[in-house]
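Undergrad: Got a sequence here, can you model it:
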Amino acid sequence: MLTAARLGAAALSAALLAGVAAGPALADSPSPSAPAAPAVPDGLYGKSDPTYDGVWRQSLALTALTAAKVTPADSAVDWLTGQQCEDGGWPSFRAAGAACDPKTEDSNATSVAIQALTALGGHQPAVDKGVQWLKANQNADGSWAFNPGNPGDANSTALAVNALFAARTDPASVAKPGSGGAAGKNAFDGLARFQLGCSAPADQRGAFAFQPDPATGALAPNTLATAQAALAAAGGHLPVETSVRADATPKPLTCADGSAPATVPHAEAGEAVGSHLAAQLATGGEHLTLTMPGAEPKPDYTATAWAALGLIQSGHPEQAGDAVDWLEGQDATWTKNGTDAGAVATMLLVSHAAHRGETTLTGQLTALGPAPKANAAASTEAAAPAEKKKDGFGTFWMIAVGALIGLGGGLLLSLQRKRNPKL
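TA: Residues are numbered from 1 along each chain as shown. You can find the predicted model right below:
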């Protein structure tokens, strides 16, 4: 199920980075024995095979367009809501008419769908059902797995926390009851179990592991896990709308001799991961790097984008600025010249959070899906010049008519004087 086609999807990318066994990656063209890719449904953004990322890219696209004040077409929203299963979860993709299979529902798709529908507004029943699905499929340690029933991972847990924040549900209140009625681990506890603390080397503190080592429980920093967990650690969700700006650089984790806690306290998690990411960006040419066994390291656009979102959310847009500049310079490569809907949507979310120009990206994204509804804000702006012209035209005629009246009055008075010199 893991595939390079879904580099933007949280847990799948992290699993690739972690070297987890995966299903066959998509080739440029299917082999004769490979099943044909499903047709791209009407209403879905992007033209590539939606099997692995349909709900993911659609949710990002709807969130990004809504943040850019574009009202998506009903068909685009209906496609996303139509993917939701009766129990509240979303699969990565479900073909039209196919029944829901609980084994294919995943926390990543569900989490981004909740954020998209919350941003759109007017879909509270679907959002509530999605939140209930997340609660029902939380692990006892407070974490979430990509597919329920598996060990949790940092990316999936972070996305679930993002969704809870978006739905105005306190992650500290979301916990599976422990044995004997004892309080279970909450969502913040689940996220904290993946973050490297004071026992790690100084240059790794604040980073996140994808999962603990199954044999030893040790945590090893993972680039994408760290970047995607940063937004949740900072208390944020998509779209990032914060206007908070801290004067100082992100604060590194405080590690007093012998008295530091075993896990990073939630209150320090956002600053700790921000400090780590800022240092990684500064030493890495203002971008993060994808490293996989047996492959040459290469720039990780997705991780860099999520790192920028996390830093902006935590009040450090200055530390994110150079990374945003780098992403803008790499835009055509990452987005495949504006044809990769997931990448374009993510870049638009970054530009929106950083208060950069969004017009080109908005146009690219709208071109990859159904035509949006009329944009009320744009219509108002477009109408304003017409009103100005109308007002200016009316003012001109008032002046002209006034001048004619004055001229006519003057001529009349002149004639009267000629007839009656006494006037």
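
Undergrad: which residue is nearest the centroid of the protein?
TA: Leu238 (4.4 Å; CA atoms, centre = their mean).

Undergrad: Helices of the stretch 201-350 of the chain, start to end?
TA: 223-233, 266-283, 301-313, 317-329, 331-334, 341-353 (DSSP state H, counting those that start in this stretch).

Undergrad: between the ones you listed, which one is nearest to Leu117?
TA: The minimum distance between Leu117 and the helices of the stretch 201-350 of the chain falls on helix 341-353, with 15.2 Å, by CB to CB. No exception for glycine: its C-beta is placed from N, CA and C like everyone else's.

Undergrad: number of nearby residues for Gly284?
TA: 17 (other CB atoms under 10 Å).

Undergrad: Report the residue spans of the chain with pLDDT below the cut-off.
TA: 1-35, 179-182, 257-260, 375-423 (pLDDT under 70).

Undergrad: the domain parsing of it - what is it?
TA: If you go by automatic domain parsing, the domain ranges for the chain are 4-26+37-373, 376-423.

Undergrad: Please identify the deepest-packed of those domains.
TA: domain 4-26+37-373 (a mean of 20; mean count of other CB atoms under 10 Å).

Undergrad: gap between that one and the chain center?
TA: Taking CA atoms, centre = their mean, to the nearest Å, the mean C-alpha location of domain 4-26+37-373 is offset from the chain mean by 7 Å.

Undergrad: For the remainder of this discussion, apply numbering that starts at 21.
TA: From this message on, residue numbering opens at 21, which makes the last subject domain 24-46+57-393.

Undergrad: And the strands in this structure?
TA: 308-310, 318-320 (DSSP state E).

Undergrad: could those strands go into a markdown table alongside distance to Thr283?
TA: Output for the strands of the chain, formatted as a markdown table (distance: least, CB to CB, whole Å):
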| stretch | distance to Thr283 |
| --- | --- |
| strand 308-310 | 24 |
| strand 318-320 | 26 |
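
Undergrad: Of those, which is nearest Gly63?
TA: Here strand 318-320 is closest among the strands of the chain (CB to CB), at 30.3 Å.

Undergrad: Pull the residues that contact that closest one.
TA: Thr243, Leu244, Ala247, His307, Leu308, Thr309, Leu310, Gln350 (CB atoms under 8 Å, 6 or more residues apart in numbering).

Undergrad: Please report how far the residue lying closest to the last one once chain neighbours are set aside lies from Leu308.
TA: When the adjacent residues along the chain are set aside, Gln350 lies closest to Tyr321, with 6.4 Å between them (CB to CB, 6 or more residues apart in numbering). Taking CB to CB, to the nearest Å as the measure, Tyr321 falls 9 Å from Leu308.

Undergrad: Touching stretch 86-97 from outside, list them.
TA: Contacts of stretch 86-97 (CB under 8 Å, 6+ apart): 62-65, 78, 81-82, 85, 136, 139-140, 143, 259, 261, 368-369, 372, 378, 382, 386, 389-398.

Undergrad: Now, the residues you listed that are in helices?
TA: 78, 81-82, 85, 136, 139-140, 368-369, 372, 382, 386, 396-398 (DSSP state H).

Undergrad: about what we covered before: make sure the residue nearest to the centre of the chain is actually in contact with Ala183.
TA: No - Leu258 lies out of contact with Ala183 (CB atoms under 8 Å); the separation is 9.2 Å.

Undergrad: who touches both of those two?
TA: Val132, Gln135.

Undergrad: Which residues are in contact with Pro272?
TA: Arg225, Gly226, Glu291, Ala292, Ser295, His296.

Undergrad: Could you export those residues as a markdown table, including distance to Ala129?
TA: As requested, the contacts of Pro272 are exported to a markdown table (distance: CB to CB, whole Å):
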| residue | distance to Ala129 |
| --- | --- |
| Arg225 | 32 |
| Gly226 | 28 |
| Glu291 | 30 |
| Ala292 | 29 |
| Ser295 | 31 |
| His296 | 28 |
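
Undergrad: Which members of the residues you listed define the maximum pairwise distance?
TA: Farthest-apart pair in these is Arg225 and Glu291; separation 11.2 Å (CB to CB).

Undergrad: Now list whatever residues contact both of the two.
TA: Joint contacts of Arg225 and Glu291 (CB under 8 Å, 6+ apart) are Pro272, Leu273.

Undergrad: Quick check, Pro337 in contact with Arg376.
TA: No - contact criterion CB under 8 Å: Pro337 and Arg376 do not qualify, at 10.7 Å.
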